[in-house]
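> got a predicted structure here, sequence first:
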Amino acid sequence: VAHRRLRWRRQRAQAQRQEREAPREEWQRRLEEAERLEQQRLLEDQRRQEQRLKRVVEAVLWQPVHARLTGAPLAIYADLSLPAAEAAARATAVRGLPRRPRGVVRLACISDTHMKLGQIRIPPGDVLVHAGDLLLCRGLLPVPFLPPLSRRTAAQLRLLRSAARASGAELVFVAGNHDTGVEHAGAAAVREIVPHYLENDGKEVQGLRFHGCPWSPPSRSPNSAFRIPEREAKPWFDAVPPGLDVLVTHDGAHGVWDAVVECAAPRLHVCGHLHSLHGVRAVGGTLRVNASVCDNDYYPTQPPIVVDLPMQQLK
């Protein structure tokens with residue numbers, strides 16, 4: 001009897017010990033699994049950081065060097081001493097610009113730079129025209145949470161101004177649908193940095209009459225700066241005066257601009273917005289330039305467009 005009791009006590013003690021050790025083993029297993037997942041997450045983060053750094057190095061360092069080594073074109077050049085249709089047909093990509101004749105104003109046109117100004121070779125000229133989408137906004141920041149002039153917006157505006165000064169040009173800027181910070185700040189605040197900022201108004205620069213409009217048609221995109229229905233934007237279209245030298249708009253593909261160009265008859269229409277339409281084409285007697293620098297993947301692979309405007313034909 002005593003032997004059976006001793007054996008029963010031993011079995012009971014062993015069962016109790018197993019019961020106590022079971023949660024500890026489960027906890028140890030879960031701890032090892034958590035450590036394995038954490039190590040896997042750290043390795044994945046390290047891989048993403050290396051890929052991000054590689055993209056930054058390629059964008060900031062390699063792309064400009066590659067463009068120079070491979071002889072990528074500096075710009076597309078068009079001469080408006082010719083009729084618009086002939087100027088569009090003869091527009092060609094060049095590695096170096098021809099000498100500027102007397103009595104000609106040289107316009108370097110860019111658009112849709114999307115915070116990649118440091119990766120773009122801006123050709124020299126008398127006027128640098130930027131047709132909108134200076135910023136890259138994914139609709140993540142609601143307008144009420146933006147300061148009157150955010151640091152990012154101010155920094156990009158100053159960078160654009162510095163780029164114009166470095167190329168020896170005056171700057172004319174029109175905002176686009178990505179430029180929510182510009183819309184929220186207001187024209188007065190933006191003009192403290194870029195005096196020739198045009199928002200449904202005009203100005204004379206280098207003897208040329210400019211008019212700018214930031215409108216683009218509404219869509220499902222969250223980038224909704226200056227996007228209002230066409231019927232509400234009619235006063236903006238009616239404000240475009242006839243006899244312009246240069247009309248600068250963010251959008252240029254919408255049909256309403258064909259009617260505006262037909263009425264205002266500017267010699268040059270600079271636009272952007274649709275990256276895939278980059279290039280030069282004639283619309284009646286007007287030369288339309290889509291100067292989108294970024295492609296559809298938001299890489300700055302498309303060259304700026306340079307246009308020579310003879311002054312004697314403008315006055």
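Perfect, thanks for sending it.

> I'd like the next helix or strand past the lowest-mean-pLDDT helix or strand in the chain.
Least confident helix or strand, the chain: helix 63-69 with a mean of 53, by mean pLDDT, DSSP states H and E. Next in sequence after helix 63-69, counting helices and strands by DSSP states H and E, comes strand 75-79.

> which elements pack onto that following strand?
Applying 3 or more CB pairs under 8 Å, 6 or more residues apart in numbering; DSSP states H and E, we find strand 75-79 packed against helix 84-90, strand 92-94, strand 279-283, strand 305-310. (Each C-beta comes from the backbone N, C-alpha and C, glycine too.)

> and the longest helix belonging to the chain, what other elements does it pack with?
Using DSSP state H, we find that the single longest helix of the chain is helix 2-57. Helices and strands touching helix 2-57, as assessed by 3+ CB pairs under 8 Å, 6+ apart, are absent.

> ok now it, how far from the chain's centre?
Here the centre of helix 2-57 is set off from its chain's centre by 49 Å, with CA atoms, centre = their mean, to the nearest Å.

> returning to that earlier point: could I get the helices and strands packed on strand 75-79 as a markdown table with mean pLDDT and distance to His114?
As requested, the helices and strands packed on strand 75-79 are arranged in a markdown table below (pLDDT from 0 to 100; distance: least, CB to CB, whole Å):
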| stretch | mean pLDDT | distance to His114 |
| --- | --- | --- |
| helix 84-90 | 96 | 26 |
| strand 92-94 | 95 | 22 |
| strand 279-283 | 95 | 19 |
| strand 305-310 | 96 | 17 |
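
> just the mean pLDDT for the longest helix of the chain, thanks.
Across helix 2-57, pLDDT averages out at 77.

> just give the nearest non-adjacent residue to His273, would you?
Asp251 (4.4 Å; CB to CB, 6 or more residues apart in numbering).

> next, count neighbours for the one you found.
Neighbourhood size, Asp251 [other CB atoms under 10 Å]: 23.
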